[in-house]
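*Asks:* 3D, please:
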Amino acid sequence: MSKKSLKKRVEDQFDPVALKSCCEEPSSYFAKYADRQDLPGKDRFLYFRDNGSDILAVAHLDYVHHNADCNVMDTSAGKLVLSGALDDRLGAYIVCELLPRLGVNVDILLTTDEETCGSTADDFETEKQYNWIIEFDRGGTDVVMYQFETGDYAALVKQSGSYVGNGSYSDIAVLDFLGVAAFNWGVGYQDY
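*Replies:* Numbers count the residues shown, from 1 in each chain. The predicted structure follows:
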């Protein structure tokens, strides 16, 4: 599939109403996508759903900015989304709504406390073996692999048309106990 036809397919499946809900609704909204697991500590939890996939897709539900209002506008360059919750409710939208619309099946892990470097991904437990972990929690369009980066993985990222960037922390940085490579893929937000 060409990049142009893939871009068109993604544009056709984009649902601004679903993105608005993912940005603006409280964390309890995500119970429709995955099962909540309460963890020790004040208001610590994660959501997980095993969809029978060998890929684990991760996003975090906490965000820094107080204004989560989401506005989607048409511009001459395409859609423009404005929301203080894009980091990482946009990732949650991609994992929960967009990937399934595109026919991509993934297991879902939604976390909290990533913005304070205490991601509940660290509390995730599974016996399942995954082939890959993907997260969509980056501004720009680079890919960060943290401790998972190797020359071979960097070459795969370059072959995809993206480039390897640097990052300090995200949910996947604490998932090395799963024993597979993880990629934090940039989703293009800026000045969120």
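
*Asks:* where does residue 37 sit: helix, strand or coil?
*Replies:* State at residue 37, reduced to three classes by DSSP: H, G, I helix; E, B strand; the rest coil: strand.

*Asks:* tell me the contacts of it?
*Replies:* Residues in contact with residue 37 (CB atoms under 8 Å, 6 or more residues apart in numbering) are 45, 46, 47, 48. The C-beta positions use only the backbone N, C-alpha and C, and glycine is treated the same way.

*Asks:* from these, pick the one nearest residue 14.
*Replies:* residue 47 (22.6 Å; CB to CB).

*Asks:* what segments of this protein are helices?
*Replies:* Here the chain has its helices, by DSSP state H, at 3-13, 16-24, 86-93, 99-101, 151-159.

*Asks:* kindly reformat those helices as TSV containing mean neighbour count and mean pLDDT.
*Replies:* Below are these laid out as TSV (neighbours: other CB atoms under 10 Å; pLDDT from 0 to 100):
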stretch	mean neighbour count	mean pLDDT
helix 3-13	11	90
helix 16-24	18	97
helix 86-93	27	96
helix 99-101	16	98
helix 151-159	12	96
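
*Asks:* dump those to TSV, plus distance to residue 78.
*Replies:* Formatted as TSV, the helices of the chain follow (distance: least, CB to CB, whole Å):
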stretch	distance to residue 78
helix 3-13	8
helix 16-24	12
helix 86-93	15
helix 99-101	18
helix 151-159	24
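
*Asks:* on that earlier part again, export the contacts of residue 37 to TSV and tack on pLDDT, neighbour count and distance to residue 166?
*Replies:* Converted to TSV, the contacts of residue 37 look like this (pLDDT from 0 to 100; neighbours: other CB atoms under 10 Å; distance: CB to CB, whole Å):
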residue	pLDDT	neighbour count	distance to residue 166
45	98	18	30
46	98	26	26
47	98	24	29
48	98	19	29
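
*Asks:* got those as CSV, with distance to residue 149 columns?
*Replies:* Shown next, in CSV, are the contacts of residue 37 (distance: CB to CB, whole Å):
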residue, distance to residue 149
45, 30
46, 25
47, 28
48, 26
